[in-house]
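**Student:** Need the 3D shape of this:
(one chain, ligands or ions: 2)
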Amino acid sequence: MIIRKSPAEIDQMAEAGRVVAEVLALVSEHMQPNATTAELDAMAEEHIRSRGGVPTFKGYRGYPASICVSPNSMVVHGIPGEYELKTGDVVSVDVGVTLGGFVADSAWTFPVGEISAEAEQLLQACRAALEAGIEQARSGNRVGDISAAVQRSAEGAGYAVIRSLVGHGVGRSMHEEPQIPNYGEPGRGPRLESGMTLAIEPMISAGSREIYVHDDQWSISTSDDSLAAHFEHTVAVTDDGPRVLTAPAGVGAGLLR
Ligand code: MF3
Ligand code: CO
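**Tutor:** Ligands and ions are numbered 1, 2, ... in the order given. The predicted model follows:
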């Protein structure tokens, strides 16, 4: 069942989304050599709680941290720890915040210092794929229109779409219907209607589209250890078109544009 939200509920999700965006901006300022991923997690949790929110991921199916931090060939669900960032890394950071009963979910892949031209292109392509998907989040379209737009954008740039991980509806729960694959056929799947709130999240690779789960049972990497990128926004389908609820805001937002 797809749960549509009222305009007031969407505004509440945007409040949660603002905190998510603030956290991403804060973390982006600390994407520096020798910072540990555990330090990023600690500052994220502190910021979320200072805003009256709860880190949605913490305790979800036993997940032990507030954010996911996934360097280089790691696609998603990296558990923060002793890993030290180094110049040239690309680091995917995924943040979920629950505020006023609603969840917002967003991710961004950041460079650490100077990165290779290849890595820079990968990040740009993943951002562009997310934008292409968001553009299709319109009443009357179908989920497949989002999926196909993401796939066309990413594959057109020469990257592989990771198929076994999907976007999702989001609301009072982090994961609601529908699933939103990052590949598919235009005109297929559930019809989009005003009030739907969707986490659109392309995950792409510079090599293989296959993945494996690490021994920690959370971290997921590309099977050939090629670089990966992940960009995600929580988006509402409205009568006025797509509304991004996790848009960059607040201190340091310039770094996210
Ligand atoms: N954004 C991710 C998702 O949609 C975050 C999940 S991390 C978890 O699945 F720890 F909460 F599972
Ligand atoms: Co998500």
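
**Student:** so how far is the helix or strand containing residue 132 off the chain centroid?
**Tutor:** Element membership for residue 132, per DSSP states H and E: helix 117-135. Centre-to-centre, helix 117-135 and its host chain are 12 Å apart (C-alpha atoms, centre = their mean, to the nearest Å).

**Student:** Okay, angle between the helix or strand that comes right after it and helix 117-135 too, please.
**Tutor:** Using DSSP H and E, the helix or strand that follows helix 117-135 towards the C-terminus is helix 143-156. For helix 143-156 against helix 117-135, the angle by axes from the mean of the first three to the mean of the last three C-alpha atoms, to 10 degrees is 160 degrees.

**Student:** who does helix 143-156 touch, helix- and strand-wise?
**Tutor:** Packed against helix 143-156 by the contact rule (3 or more C-beta pairs under 8 Å, 6 or more residues apart in numbering; DSSP states H and E) you find helix 117-135, strand 160-161, strand 176-180, strand 197-200. Where C-beta positions appear, they are placed from N, C-alpha and C, glycine not excepted.

**Student:** Looking at these, spot the one closest to ligand 1.
**Tutor:** Closest approach to ligand 1 among the helices and strands packed on helix 143-156 (C-beta to the nearest ligand atom): strand 197-200, 6.0 Å.

**Student:** Quick one: residues in contact with the closest one.
**Tutor:** 5, 10, 13, 105-106, 130, 133-134, 137, 146, 150, 167-171, 178, 180, 232-237, 245 (C-beta atoms under 8 Å, 6 or more residues apart in numbering).

**Student:** Direction included, what does it pair up with?
**Tutor:** The strands that strand 197-200 pairs with in its sheet are strand 167-169 (antiparallel), strand 233-238 (antiparallel) (by DSSP bridges).

**Student:** Would the last one count as contacting ligand 1?
**Tutor:** Okay, so that is strand 233-238. No - counting by C-beta under 6 Å from any ligand atom, ligand 1 is not contacted by strand 233-238; separation bottoms out at 9.7 Å.

**Student:** Alpha carbons of that strand, as PDB, please.
**Tutor:** Extracted C-alpha coordinates of strand 233-238, given in PDB (Å, rounded to 0.1, in the frame of the first residue of the first chain):
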ATOM      1  CA  HIS A 233      17.000  12.800  -2.000                       C
ATOM      2  CA  THR A 234      13.600  12.500  -0.400                       C
ATOM      3  CA  VAL A 235      11.100  14.000  -2.900                       C
ATOM      4  CA  ALA A 236       7.400  14.700  -2.700                       C
ATOM      5  CA  VAL A 237       5.200  14.500  -5.700                       C
ATOM      6  CA  THR A 238       3.100  17.600  -5.600                       C
END
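
**Student:** What is the following helix or strand past that strand packed up against?
**Tutor:** As assigned by DSSP H and E, the chain's next helix or strand after strand 233-238 is strand 241-244. In terms of contacts (3+ C-beta pairs under 8 Å, 6+ apart), strand 241-244 is packed against helix 7-28, helix 117-135, strand 233-238.
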